[in-house]
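J.: What shape does this take:
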Amino acid sequence: MKKMRFCVLMLLLLNLPILVSAAPIDTVTMDTENKTLTICGTGLTGVSGMVTLEVLKDGAAWRRELSEDPSVLCVDEFDVEREGDSILNYLCFLDTVVLDEDGSYEVVVHGYEQTSLPEIRVSYGKNQMFYYSQRSINSINDSVTAEELKASVLADAYIVEQCKTQYDTLSEQEQEIFWGLLLAYKQKAGNFSDLQQVIDSFKEQVCFVKLHGAEDQESFDAFLAQCEAYGIAESNSYDLYRGSGVFEDGQMCTAQKDALLEEILENKTKYSSIREFIEEFWDLTVLYACHNNDSKYSVRQILIESDRLDQEALSDFLGKNSTQQLEISLQINLHSSRYGSISELINAVLNADSEKESEGNRGGSSGSSGGGSKTGQTAGAVIVDTPFPDVPEANEPVFEDLDSVAWAKEAVNELWKKGIISGRDESHFAPLDAITREEFIKLLVLAVDCYDEKAESTFVDTEETAWYYPYIASAQKNGLVEGTDDGSFGVGRPISRQEMAVILARYASGGQISPAETLSFADASSISSWAKDAVGYVQEHGIMVGVSETIFDPLSEVNRAQAAKAIYEIVSGR
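T.: Okay, the predicted model is just below:
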C-alpha cells in the first residue's frame, strides 16, 4: 500500500476543547494561483476529542450514489490493491483550533493543486460525521423541476441518511407534494449554500406536508405534534389549544378549534417557515379562544395567563378587582367577531367599560340569590357573599350520562352554563367519578367569585406553577381551607363528605359555625370531632343531606355529581 500524501495545515494552537455544531463546514474555497484550499466554519466550538478532516482527490466520492459515473472512486468500496493508490488527498487530525470571537474558524491547506473543489468529511465525537460536497450542492441548485430536485437530493447518501426517518413518514401522494414544496422553497429562498441547509429545509418541508394534507382536527393535531420539534410548546398558547398546563381546565372548544383550523388552511401556502407558522398559530389561538367562549372566567384566565399578551400593557386591567375583570372579559367574549390581532385585543381590553356591561348582556339564572346575605352570616364574615354570577345563557349542555343522577342534573347544567364546571368531554360529565380536593376548591372559588390571582398559599404540597395553585391560595386567603396537621393541603387526594361539609359551612356561615345540636345521623359517631359542627350546619341549612335518611357517611369520597349539587345549593341561595 502506497503512503498517503499529507500537507501542512497552518493552525495556531489554543488550549480549548473542540466543539462541533450542526454544520462544521460553511465554505470551501480554492486559490489556484497560490495553491491553497481554505476551509471555514462556525462549528468547531464544543465537542471535546479528536476531529479528523479528510479531503478527497479529484473524482473521488464518499458514496457511489454521489455520481452517475461508475468510474468515480468510492471511499466505501475502495480497494487499495486494485486501485493502486489512496483516494485520500489530505488527512489531518485537529486537537485544537483558533476561534474568532463569533466562534468561527479557518483552516488553510497549502500546496493544493487540484482543479476543482474536493469532497470533504469531518469526523468527530462518537461516530458523528459531516460531509461537504460541492458536487451535490451544484446539482441541487441547478435543479429547475421537482423531478430534477428529487433526483439530485436522493443521490446524496448523506442527505438521505440524515432525513430518512422523516421522509419515510410520507405516503406516495405526500412525497409528490413534498418535492413541489421543497422546490418552491428553493426558488423563494435562493440557492442552498451547504448540505446542512438542504437537510434542515428537507425536514421542515416534510413537516409542512402534514399541514398541506390536513383536512380535520385529527390530522392537524398530528401536524402540530411534529411542530414540537420546532418549539411550538415554547408558548402557553399550545397549552391553551390542548387544555394543559395553566389552561388544563380551559381547553378551546370544538367550534373555536374548527374556526382556527379553517383560517390556517385557507392561508397555508403563505407560510415560508415552520417558525412563521408557529408565531401566527400562537396568536390566532389566543384570539379565537377569547371569542364565543362558554365562560367569561376562561376569558379572564387567558387575559391574565397568556404569554402572548403584554402584561405591562395590560397592567390597568390586571390592577382591577375580579368583578371588574370579569365584566371586561364578558365584553371581549361577546364581541361580534374575533379580534384581528393581539394588539387589537389588548386595545379592546383597555378601552372596555368595566363598570357597565352592554345592554342585554345580563341574563342571570332563575336560581340567583339577588345579592342578599345568606342565613347565618354576620358582620365581620370571612367572605362577602356574592350572588350567582350573571352571564348570558349558553346552549343547553348535552351530557349523556346524567340519568343516573337525576337529582343533580339541574345543578350540573346550571354550573356548566355559567362556565364553572365542565365535562370530561363534550358529551360526558362522569358524575360518579371522585373529585379531588383541589378540583372541588376550584369549583367553589369560581362559583362564589373569590378568585384572587395575587393570593399566596403556604401549604407545603402546593406548587406555585401548578394549575390549582391560585384557587387553593384564594381559598386559603378567604379562610375556606386550613390544611392538615403536617402543613399540607392534600393535593391529589379525593375530598371526603365531612371535608366538603366543613368547607361549605365556613363559606355559608361567614366563618361563624354555630355548635351543632345532637346529630340525627345513625353514624354520627363516625364523624370526626372537627367536622361535627359543620355537618350539623350544612344539614340544618339544606346544603347537604345524608346518603340516606339516617346515614351521612362522612368518610366516603365525594363524586362529581355530589360536588356540583352542594355548590349549586350554596350559591343559588336556596
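J.: any weak-confidence spans in the stretch 401-550 of the chain?
T.: Nowhere does the stretch 401-550 of the chain drop to pLDDT under 70.
J.: show me where it has helices.
T.: Per DSSP state H, counting those that start in this stretch, the stretch 401-550 of the chain carries helices over the ranges 409-417, 437-448, 469-477, 497-509, 532-540.
J.: Setting aside sequence neighbours, what's the nearest residue to G423?
T.: F429 (4.5 Å; Cβ to Cβ, 6 or more residues apart in numbering). For every residue, glycine as well, the C-beta is placed using N, CA and C.
J.: rewinding a little: so which of the helices of the stretch 401-550 of the chain comes closest to V349?
T.: The minimum distance between V349 and those falls on helix 469-477, with 19.6 Å, by Cβ to Cβ.
J.: can you redo the helices of the stretch 401-550 of the chain as CSV with mean neighbour count?
T.: CSV is the format used below for the helices of the stretch 401-550 of the chain (neighbours: other Cβ atoms under 10 Å):
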stretch, mean neighbour count
helix 409-417, 21
helix 437-448, 23
helix 469-477, 24
helix 497-509, 24
helix 532-540, 22
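J.: Adding distance to T269, write those out as JSON lines.
T.: Shown next, in JSON lines, are the helices of the stretch 401-550 of the chain (distance: least, Cβ to Cβ, whole Å):
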{"stretch": "helix 409-417", "distance to T269": "40"}
{"stretch": "helix 437-448", "distance to T269": "42"}
{"stretch": "helix 469-477", "distance to T269": "42"}
{"stretch": "helix 497-509", "distance to T269": "55"}
{"stretch": "helix 532-540", "distance to T269": "61"}
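J.: what about stretch 448-456, start to end distance?
T.: 18 Å (Cα to Cα, to the nearest Å).
J.: residues of that stretch that come out buried?
T.: When burial is assessed from 16 or more other Cβ atoms under 10 Å, stretch 448-456 yields the following buried residues: 448-452, 455.
J.: And the helices of the stretch 401-550 of the chain: which comes nearest Q205?
T.: Q205 lies closest, by Cβ to Cβ, to one member of these: helix 469-477, at 41.5 Å.
J.: tell me what that closest one is packed against?
T.: Counting contacts by 3 or more Cβ pairs under 8 Å, 6 or more residues apart in numbering; DSSP states H and E, helix 469-477 packs against helix 437-448.
J.: same thing but 10 Å
T.: helix 296-305, helix 437-448, helix 497-509 (3 or more Cβ pairs under 10 Å, 6 or more residues apart in numbering; DSSP states H and E).
J.: need those helices in TSV with distance to F247, can you?
T.: Listed next are the helices and strands packed on helix 469-477 as TSV, based on distance: least, Cβ to Cβ, whole Å:
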stretch	distance to F247
helix 296-305	7
helix 437-448	13
helix 497-509	25
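J.: out of those, which comes closest to Q166?
T.: helix 296-305 (33.9 Å).
J.: So which residues make contact with whatever helix or strand comes next after that closest one?
T.: Going down the chain from helix 296-305, the next helix or strand is helix 315-318, by DSSP states H and E. With contact meaning Cβ atoms under 10 Å, 6 or more residues apart in numbering, helix 315-318 is reached by 300, 303-304, 309, 311-312, 324-325, 328-329, 346, 349-350, 352, 354, 453-454.
J.: do you know how far the residue nearest to G423 is from Q301?
T.: Counting by Cβ to Cβ, to the nearest Å, the gap from F429 to Q301 is 21 Å.
J.: With V153 instead?
T.: 47 Å.
J.: picking up where we left off before, out of the contacts of helix 315-318, which are buried?
T.: By neighbour count, with 16+ other Cβ under 10 Å, the contacts of helix 315-318 hold 300, 303-304, 309, 325, 328-329, 346, 349, 352, 354 as buried.
J.: which of those residues sit farthest apart?
T.: The span of the buried ones among the contacts of helix 315-318, defined through Cβ to Cβ, is set by L309 and S354 at 17.0 Å.
J.: related to what we said a few turns ago, looking at the helices and strands packed on helix 469-477, which is closest to L117?
T.: Closest approach to L117 among these is made by helix 296-305 (53.9 Å; Cβ to Cβ).
J.: and the closest one, what does it pack onto?
T.: Secondary elements touching helix 296-305 (3+ Cβ pairs under 10 Å, 6+ apart): helix 237-242, helix 274-289, helix 315-318, helix 322-333, helix 342-351, helix 437-448, helix 469-477.
J.: Taking helix 322-333 as reference, get the angle to it.
T.: Calculated by axes from the mean of the first three to the mean of the last three Cα atoms, to 10 degrees, helix 296-305 forms an angle of 100 degrees with helix 322-333.
J.: for helix 296-305, the distance to its chain's centre please.
T.: Relative to its chain's centre, helix 296-305 lies at 17 Å (Cα atoms, centre = their mean, to the nearest Å).
J.: Could you do stretch 457-466 as well?
T.: Distance, centroid of stretch 457-466 to centroid of chain: 22 Å (Cα atoms, centre = their mean).
J.: Of all the residues in that stretch, which ones are buried?
T.: Neighbour-count burial for stretch 457-466 [16+ other Cβ under 10 Å]: 457, 459, 461-462, 466.
J.: okay if I get these as CSV plus distance to K35?
T.: What follows is the buried residues of stretch 457-466, written out as CSV (distance: Cβ to Cβ, whole Å):
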residue, distance to K35
S457, 73
F459, 75
D461, 72
T462, 71
A466, 66
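J.: S520: which of those residues is nearest?
T.: Nearest to S520 among those, with distances taken as Cβ to Cβ, is F459, at 34.2 Å.
J.: residue contacts, the closest one?
T.: Contacts of F459 (Cβ under 10 Å, 6+ apart): 469, 472-473, 476, 481-484, 486-491.
J.: likewise F440?
T.: When contacts are counted by Cβ under 10 Å, 6+ apart, F440 touches 471, 475, 494-495, 499-500, 503-504, 558, 560, 562-563, 566-567.
J.: Any regions of the stretch 51-200 of the chain where pLDDT drops low?
T.: 51, 59-105, 124-128.
J.: As a check, name the ranges of all strands in it.
T.: Remark: strands assigned in the stretch 51-200 of the chain by DSSP state E, counting those that start in this stretch are 51-56, 60-61, 73-74, 88-94, 105-110, 120-124, 128-132.
J.: if I look at Q311, how far off is F317?
T.: Here the criterion is Cβ to Cβ. By it, Q311 lies 9 Å from F317.
J.: E453 too?
T.: Applying Cβ to Cβ, the value for E453 to F317 is 12 Å.
J.: intersection of neighbour lists for those two?
T.: Residues touching both E453 and F317 (Cβ under 10 Å, 6+ apart): 300, 304, 325.
J.: buried sites along stretch 475-487?
T.: Neighbour-count burial for stretch 475-487, counted by 16+ other Cβ under 10 Å, picks out 475-478, 480-481, 483.
J.: same thing with stretch 415-435?
T.: Buried residues in stretch 415-435, counting neighbours by 16+ other Cβ under 10 Å, are found at 415-423, 429, 431, 434-435.
J.: Export those residues to TSV and append columns for distance to H212.
T.: Shown next, in TSV, are the buried residues of stretch 415-435 (distance: Cβ to Cβ, whole Å):
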residue	distance to H212
L415	42
W416	38
K417	39
K418	41
G419	36
I420	41
I421	39
S422	34
G423	34
F429	38
P431	43
A434	45
I435	43
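J.: Please name the residues that touch N141.
T.: By Cβ under 10 Å, 6+ apart, the residues touching N141 are 149, 152, 186, 190-193, 198.
J.: at 7 Å instead, please
T.: Applying Cβ atoms under 7 Å, 6 or more residues apart in numbering, we find N141 in contact with 191-192.
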